[in-house]
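A.B. asks: please find the sequence and the predicted model below.
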Amino acid sequence: MSNEKQVDSGRRNLLAATCAAGGVAGLATTAALVSTFQPSERAKAAGAAVEVDISGLVPGEMKIVEWRGKPVWILKRTPEMVATLKADKNAGELADPESKRSPGDLTPSYVNIETRSIKPDIFVAVGICPHLGCSPGTKFQTGPQPSLPDDWAGGFLCPCHGSTFDLAGRVYKNKPAPDNLTVPRHMFVGDGKLVIGKDEKGEA
């Protein structure tokens with residue numbers, strides 16, 4: 001009888017140890033499964049809102065970040081740059097100066113129509129030409145230069161087919177691009193941070 005009790009006791013100890021080990025393994029497996037459901041950095045960049053520190057931007061400087069696999073420009077315009085926007089609109093050189101085409105998709109309702117921005121000096125746009133998807137280059141220098149008019153006030157030039165945009169991303173007339181550059185949903189968090197892909201109404 002004593003031997004049977006010792007065997008039973010040994011079995012109980014073995015069973016307890018096995019269950020404990022199984023529990024630890026189960027917890028480890030659960031933790032591994034949970035971690036696989038966490039979005040990767042690449043997934044966040046491809047779909048989720050992106051927070052950007054813009055506290056160090058100086059007037060005339062542009063930062064480029066990735067959101068949903070696309071380049072997003074953040075340009076801190078100088079007072080002179082902002083002043084050109086009204087001149088462009090009054091000159092009638094723009095194809096859609098008031099951004100009336102596809103307003104829900106291309107221009108959020110809360111941005112200023114003239115500057116296409118929340119704050120006059122901070123311009124945010126997706127850096128993709130709506131013609132065939134090329135990325136325009138910066139042409140901030142004013143005056144005559146190759147592929148640009150002699151009275152060029154600064155803006156962007158698409159290298160693929162010559163579409164030109166002003167410093168608010170508005171396309172000039174008689175160019176291949178059918179629309180203005182897209183201004184994504186965005187909002188400011190304090191003075192030094194910008195969230196792209198999200199605003200007070202939710203995420204894009």
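C.D. replies: Yep, it's here. Note that the structure is a prediction, hence the values are computed from the model and not measured. Residues are numbered from 1 along each chain as shown.
A.B. asks: and Val82, what helix or strand is that in?
C.D. replies: Element membership of Val82, judged by DSSP states H and E, is helix 79-91.
A.B. asks: buried stuff in that helix?
C.D. replies: 81-82, 84-85, 88-89 (16 or more other Cβ atoms under 10 Å). Glycine gets a C-beta too; all of them are placed from N, C-alpha and C.
A.B. asks: got it, and stretch 120-136?
C.D. replies: 122-131, 135-136.
A.B. asks: which ones among those residues lie within helices?
C.D. replies: Within these, no residue falls in helices by DSSP state H.
A.B. asks: those: which two are farthest apart?
C.D. replies: Within those, Ile122 and His131 form the most distant pair, 25.7 Å apart (Cβ to Cβ).
A.B. asks: closest one to Trp67 out of the buried residues of helix 79-91, please.
C.D. replies: Closest approach between the buried residues of helix 79-91 and Trp67, by Cβ to Cβ: Met81, at 23.0 Å.
A.B. asks: residues in contact with the closest one?
C.D. replies: Applying Cβ atoms under 8 Å, 6 or more residues apart in numbering to Met81 gives the contacts 60, 140, 154, 167.
A.B. asks: what's the closest non-adjacent residue to the first one?
C.D. replies: Beyond its immediate neighbours in the sequence, the residue positioned closest to Gly60 (Cβ to Cβ, 6 or more residues apart in numbering) is Thr78, lying 5.2 Å away.
A.B. asks: now do the contacts for the one you found.
C.D. replies: Counting by Cβ under 8 Å, 6+ apart, Thr78 has contacts 59-60, 121.
A.B. asks: circling back: could you export the buried residues of helix 79-91 as JSON lines, including pLDDT and distance to Ser147?
C.D. replies: Formatted as JSON lines, the buried residues of helix 79-91 follow (pLDDT from 0 to 100; distance: Cβ to Cβ, whole Å):
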{"residue": "Met81", "pLDDT": "96", "distance to Ser147": "20"}
{"residue": "Val82", "pLDDT": "96", "distance to Ser147": "24"}
{"residue": "Thr84", "pLDDT": "93", "distance to Ser147": "19"}
{"residue": "Leu85", "pLDDT": "93", "distance to Ser147": "21"}
{"residue": "Asp88", "pLDDT": "81", "distance to Ser147": "18"}
{"residue": "Lys89", "pLDDT": "83", "distance to Ser147": "23"}
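A.B. asks: specify the beta-bridge partners of the most centrally placed residue in the chain.
C.D. replies: Closest residue to the average C-alpha location of the chain: Trp67 at 3.7 Å, with Cα atoms, centre = their mean. Assessed by DSSP bridges, Trp67 has beta-bridge partners Lys70.
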